[in-house]
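> Fold the following for me, if possible:
(one chain, ligands or ions: 3)
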Amino acid sequence: MWFTRTFNRLRGCVRPGARGSHAESARGSSCSYQLLHDFMELKYEGLVMHFDYVWLRDHCRSASCFNTKTNQRNLDTASIELNIRPSKSKVDEQHLYLTWPDGHVTRYSLSWLAQNSYEGQKRSAVQPRILWSSNIYSSAQVPSARWEKFMSCDEELKIFLNHLLLYGIAFVEDVPATLEATETVSQRVSLIRETMYGRMWNFTSDFSRGDTAYTKLALDRHTDTSYFQEPCGARAVENRLATHFDLTWSPGSWSSPKFQLVFHCLRHEGTGGRTLMVDGFHAADRVLRQTPENFELLSRVPIKHEYIEKLSEHQNHMIGVGPVLNVYPWNNEVYMIRYNNYDRSVINTVPHDVVQRWYTAHRHLTTELRRAENELWVKLKPGKVVFIDNWRVLHGRESFTGLRQLCGCYLTRDDMLNTARSLGLQA
Ligand SMILES: C[N+](C)(C)CCCC[C@H](N)C(=O)O
Ligand SMILES: O=C(O)CCC(=O)C(=O)O
Ligand SMILES: [Fe+2]
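Ligands and ions are numbered 1, 2, ... in the order given. Prediction:
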C-alpha cells in the first residue's frame with residue numbers, strides 16, 4: 001500500500017546484512033557490546049542499542065570536538081570517513097572508550113548513550129501527557145493559578161505550565177479584566193505571536209473581519225491558524241467585561257487604541273456563548289487504537305487550510321499545508337493536530353481512492369471529537385484567562401445573544417516550551 005511502504009521505510013532501523021563476520025565482543029559489569037561489521041551493538045541496563053560508527057564519531061564530546069560552553073559541535077562532520085570504524089574499544093563501569101584510526105579517543109558515558117539512542121527515544125514519550133474526556137479532566141480537579149502568585153512566584157508558574165503541558169489547557173484566575181493584564185499574564189508564559197489579527201486582540205461580533213469568529217454564531221470545535229505553515233502554539237483568552245463604551249460602540253471602532261483605555265465596567269447580560277474544549281490527542285489516540293489505517297491516513301495525507309480575506313481594510317491570503325495529525329515517526333506520538341473544517345481548503349494532493357479513504361478516516365476522527373463525553377464546556381468570566389495548547393486542544397463556542405467581548409493573544413510555542421524547560425519541566 002502506498003502509505004505503508006513509506007511508513008515502514010521510516011520506521012526501519014537496521015541495515016540489511018549488518019551482521020558481519022569478525023565481530024569483537026566485550027563486557028563491562030552491567031554492560032556488554034559487540035563491534036559488528038557496520039554498527040555497534042550495546043546492551044546496557046536491559047536496553048539493546050545499535051549505533052552507527054559515523055554517528056559515534058560525530059557525537060564525540062571531547063574538548064576538540066564539542067564546545068561545552070556553547071553546547072555546539074566543533075567537529076566538521078564532513079571530514080569523517082563514512083566507513084570509519086574504531087580501532088580499539090573498551091568499557092568500564094560507566095563509560096565506553098573508542099579509539100579511532102587517527103588515534104583520537106572518544107569517551108561516552110553509558111547513561112548518555114542510553115538516553116540518546118534511537119532505542120531509548122523510541123520507548124519514551126517526548127511529551128508526557130494525560131489524555132482526557134470531560135470526566136477525566138473534571139475529576140482531576142486541576143487548580144487554576146492565581147494572578148498575584150502567578151506573577152511573582154516561579155514555582156506557581158511551573159505548576160501552571162506543568163498543567164498546560166499535561167492537559168493542553170490551564171487557567172489563571174483573579175486577573176484584572178483588561179487587555180493589559182491579559183497581555184502581562186501571557187508574557188509570563190511565552191512571547192506573544194503577532195499575526196494579521198494584531199498582537200493582542202479584542203474581538204466581538206462586529207463583522208470587522210472576514211471570519212465567522214466575528215459573529216454571534218456557534219463555532220464547532222477547531223484549531224486556530226491551521227492555515228499557517230506553523231500554526232500558533234497556544235492561545236490565551238479572557239472574557240472581558242462589557243464596558244460603558246461598548247454599549248455605545250459602532251462596528252470596528254474598538255480597534256482604535258484609545259478605546260482600550262476605557263475601564264468603566266458594566267456586566268453584560270446575554271445568553272449562550274459558552275466555550276467548548278476537546279482534547280484532540282485523546283480523539284486521535286482512540287482512532288489509532290480502533291483503526292490504525294485511519295490514523296495513518298490522517299497522519300500522511302497533506303491537507304491545505306486557507307484564509308482568504310478581502311475586505312477593504314484587511315486583505316490576507318494564508319495557506320498552510322500539513323496532515324491533520326503530525327506524528328513523530330520514531331515513536332508514533334502525535335505532536336500537533338490541525339482540525340478546522342471551516343478553513344480546510346481544496347483537497348488535491350492525493351488521488352481519488354486515497355481521498356475516499358481519507359474521508360472515512362476524517363469521519364472517524366470527527367466522531368471521536370464529537371462524543372459528548374469528550375466535551376468540556378466552560379463559561380469564561382472576567383478575571384479568568386484560559387490558555388489553550390492550539391496544537392492539541394480544539395476550541396469552539398455556543399451561539400450567543402447580547403454583547404460578548406473576548407480579548408487575548410496567540411503565543412509562540414518555542415518560547416512557551418523554553419519557559420517550561422528553563423523551570424525544569426520536560427518539554
Ligand atoms: C482569535 N481571533 C478572533 C483573533 C481570530 C480567529 C481566527 C479564526 C480563524 N477561522 C481560525 O480558526 O484561525
Ligand atoms: O468566540 C469564541 O469563544 C472563540 C472564537 C474563536 O474560535 C476564535 O477566536 O478563535
Ligand atoms: Fe478559534
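> For the helix or strand encompassing residue 55, could you pull out the residues that count as buried?
Using DSSP states H and E, residue 55 maps to helix 53-58. Under the neighbour-count criterion of 16 or more other Cβ atoms under 10 Å, helix 53-58 has 53, 54, 56, 57, 58 buried. C-beta coordinates here come from the backbone N, C-alpha and C atoms, glycine included.
> mind listing what the last one touches?
Contacts here follow Cβ atoms under 8 Å, 6 or more residues apart in numbering; on that basis residue 58 touches 73, 75, 77, 80.
> Adding distance to residue 129, neighbour count and secondary structure, write those residues out as JSON lines.
Output for the contacts of residue 58, formatted as JSON lines (distance: Cβ to Cβ, whole Å; neighbours: other Cβ atoms under 10 Å; DSSP: H, G, I helix; E, B strand; the rest coil):
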{"residue": "73", "distance to residue 129": "31", "neighbour count": "14", "secondary structure": "strand"}
{"residue": "75", "distance to residue 129": "36", "neighbour count": "16", "secondary structure": "coil"}
{"residue": "77", "distance to residue 129": "34", "neighbour count": "10", "secondary structure": "helix"}
{"residue": "80", "distance to residue 129": "38", "neighbour count": "17", "secondary structure": "coil"}
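> thinking again about what came up before, between the buried residues of helix 53-58, which is nearest residue 145?
residue 58 (42.9 Å; Cβ to Cβ).
> distance of the closest one from residue 106?
Between residue 58 and residue 106 the computed distance is 10 Å (Cβ to Cβ, to the nearest Å).
> Next: residue 205.
For residue 205, the distance to residue 106 equals 64 Å [Cβ to Cβ].
> Domains in this structure, by residue range?
Domains of the chain are assigned by automatic domain parsing as 17-122, 134-422.
> Most tightly packed of those domains?
Of the domains of the chain, the one with the most neighbours on average (mean count of other Cβ atoms under 10 Å) is domain 134-422, at a mean of 18.
> Quick check: bridge partners of residue 306?
Following DSSP bridges, residue 306 is listed with bridge partners residue 319.
> For it, give me its contacts.
Applying Cβ under 8 Å, 6+ apart, the residues contacting residue 306 are 227, 317, 318, 319, 320, 343, 345.
> Please identify which of these is nearest to residue 44.
Using Cβ to Cβ, residue 320 comes nearest to residue 44 of the contacts of residue 306, at 42.3 Å.
> now that closest one: how far from residue 342?
Distance from residue 320 to residue 342, by Cβ to Cβ: 14 Å.
> so can I have a markdown table of the buried residues of helix 53-58 showing pLDDT and distance to ligand 2?
Shown next, in a markdown table, are the buried residues of helix 53-58 (pLDDT from 0 to 100; distance: Cβ to the nearest ligand atom, whole Å):
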| residue | pLDDT | distance to ligand 2 |
| --- | --- | --- |
| 53 | 98 | 51 |
| 54 | 98 | 47 |
| 56 | 98 | 48 |
| 57 | 98 | 49 |
| 58 | 98 | 44 |
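> out of these, who's nearest ligand 1?
residue 58 (41.0 Å; Cβ to the nearest ligand atom).
> who in the stretch 51-200 of the chain is up against ligand 1?
Proximity of the stretch 51-200 of the chain to ligand 1 (Cβ under 6 Å from any ligand atom) is limited to residues residue 197.
> And the residue of the stretch 51-200 of the chain closest to ligand 2?
For the stretch 51-200 of the chain, Cβ to the nearest ligand atom, closest residue to ligand 2: residue 197, 8.6 Å.
> Enumerate every residue touching that residue.
203, 209, 410.
> Give me the pLDDT value at residue 403.
Listed pLDDT for residue 403 reads 86.
> quick one: residue 298 and residue 362 touch, right?
Yes - counting by Cβ atoms under 8 Å, residue 362 is a contact partner of residue 298 at 7.0 Å.
> that older thread, any chance of the domains of the chain in CSV, with distance to residue 128 too?
Below are those laid out as CSV (distance: least, Cβ to Cβ, whole Å):
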stretch, distance to residue 128
domain 17-122, 14
domain 134-422, 7
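> tell me the contacts of the residue in the stretch 101-250 of the chain that ligand 2 sits nearest to?
Ligand 2 sits closest to residue 213 of the stretch 101-250 of the chain, with a gap of 4.1 Å, by Cβ to the nearest ligand atom. Contacts for residue 213 (Cβ under 8 Å, 6+ apart) come out as 203, 219.
> Could you report the pLDDT at it?
91.
> for the one 10 residues further on, same thing?
Looking at residue 223, its pLDDT is 96.
> Can you name the residues that contact it?
Residue 223 sits in contact with 231, 280, 337, 338, 339, 340, 390, 391, 394, 395, where contact means Cβ under 8 Å, 6+ apart.
> Among those residues, which lie within strands?
Judged by DSSP state E, the subset of these located in strands is 337, 394, 395.
> Can you tell me which of these comes closest to ligand 1?
Within the set of those, residue 395 lies nearest ligand 1; the separation is 9.1 Å, counting by Cβ to the nearest ligand atom.
> pretty sure that closest one is in contact with residue 388, am I right?
Yes - in this structure, residue 395 is within contact of residue 388 by Cβ under 8 Å, at 5.7 Å.
> quick one, what contacts residue 128?
By Cβ under 8 Å, 6+ apart, residue 128 lies in contact with 165, 166, 426.
> tell me the pLDDT at it?
On the pLDDT scale, residue 128 is placed at 95.
> Which residues of the stretch 301-427 of the chain lie near ligand 1?
Within the stretch 301-427 of the chain, the positions near ligand 1 by Cβ under 6 Å from any ligand atom are 340, 342, 343.
> Relative to residue 344, how far out is the nearest residue in space to the last one that is not next to it in sequence?
Put plainly, it is residue 343. In this structure, residue 343 finds its nearest non-sequential neighbour in residue 305, 4.7 Å apart by Cβ to Cβ, 6 or more residues apart in numbering. Applying Cβ to Cβ, the value for residue 305 to residue 344 is 6 Å.
> Identify the contacts common to the two.
Residues touching both residue 305 and residue 344 (Cβ under 8 Å, 6+ apart): residue 226.
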